[in-house]
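Engineer: Have a look at this prediction, sequence included:
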Amino acid sequence: MPILKREPDVFPESIFEIAQPWWVAHVRSRQEKALARYLQQLDIPYYLPQMEKKVRRNGRTIVSYLPLFGGYLFFKGGLEESGRAIRSHLIANLLEPNDQRSLHAELRQLHQLQITDKKLVPHPYIGAGDEVMITDGAFKGFRGVVVRERGTERLIVSVSFIKQSVAVEIDREFIRPPAKYDSASVSW
């Protein structure tokens with residue numbers, strides 16, 4: 001039984017086609033969804049990736065939807081939209097990413113992972129490490145870092161600007177180093 005119905009992760013659905021810069025709102029404690037509702041009322045595009053959490057209490061299963069990256073919400077707009085967002089009084093710090101293309105690519109990839117309905121779990125950020133590319137299957141073309149946890153291979157996809165990551169299970173056989181995969185001279 002859900003406590004509250006799931007709120008949209010993206011508004012509007014076409015957010016990744018909008019040609020405005022990304023902003024990263026570092027929100028006050030537990031205010032991610034409140035800010036999302038506020039931005040939606042103002043018609044400001046946002047992305048708030050969420051995960052399902054189930055807890056059993058008194059013989060009942062309680063389902064809730066929590067932000068995947070606690071404390072952060074991503075939105076698009078110019079200076080006017082960022083000013084309107086700040087006036088919500090829900091933002092502790094507004095961050096303007098220098099590398100818009102990289103953030104856009106990372107957020108788009110994260111959204112594509114969500115659409116697969118695979119279970120995403122927060123994972124400690126991995127900065128330097130062995131980057132890989134998935135060569136086949138549902139995640140073909142995705143780049144990330146692979147780790148082995150409890151006998152399972154997981155692809156770690158990071159949003160480097162906020163130093164947050166998520167993990168998703170993958171098949172080991174589809175992993176290749178990107179330099180080798182990108183090279184036309186290498187055959188597998």
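Structural biologist: Nice, thanks for sending it over. Numbering: from 1, shown residues only.

Engineer: Go through the helices and strands of this structure and name the one with the lowest mean pLDDT.
Structural biologist: helix 178-182 (a mean of 53; mean pLDDT, DSSP states H and E).

Engineer: which other helices and strands contact the lengthiest helix in the chain?
Structural biologist: Looking across the chain with DSSP state H, the single longest helix is helix 100-115. When contacts are defined as 3 or more Cβ pairs under 8 Å, 6 or more residues apart in numbering; DSSP states H and E, helix 100-115 packs onto strand 22-27, strand 152-159, strand 164-169. C-beta here means a position set from N, CA and C on the backbone, and glycine is covered the same way.

Engineer: Excluding its own residues, what touches the last one? List them.
Structural biologist: Here strand 164-169 makes contact (Cβ atoms under 8 Å, 6 or more residues apart in numbering) with 49, 68-69, 72, 110, 113, 116, 118-126, 139, 147, 149, 152-159.

Engineer: Can I get the helices and strands packed on helix 100-115 in TSV including mean pLDDT and distance to Tyr38?
Structural biologist: Shown next, in TSV, are the helices and strands packed on helix 100-115 (pLDDT from 0 to 100; distance: least, Cβ to Cβ, whole Å):
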stretch	mean pLDDT	distance to Tyr38
strand 22-27	98	10
strand 152-159	84	22
strand 164-169	88	22
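
Engineer: Name the residues of stretch 57-69 that are buried.
Structural biologist: Of the residues in stretch 57-69, those buried by neighbour count under the rule 16 or more other Cβ atoms under 10 Å are Tyr65, Pro67, Leu68, Phe69.

Engineer: which stretches of the chain aren't confidently modelled?
Structural biologist: Residue ranges of the chain with pLDDT under 70: 1-4, 123-130, 172, 179-188.
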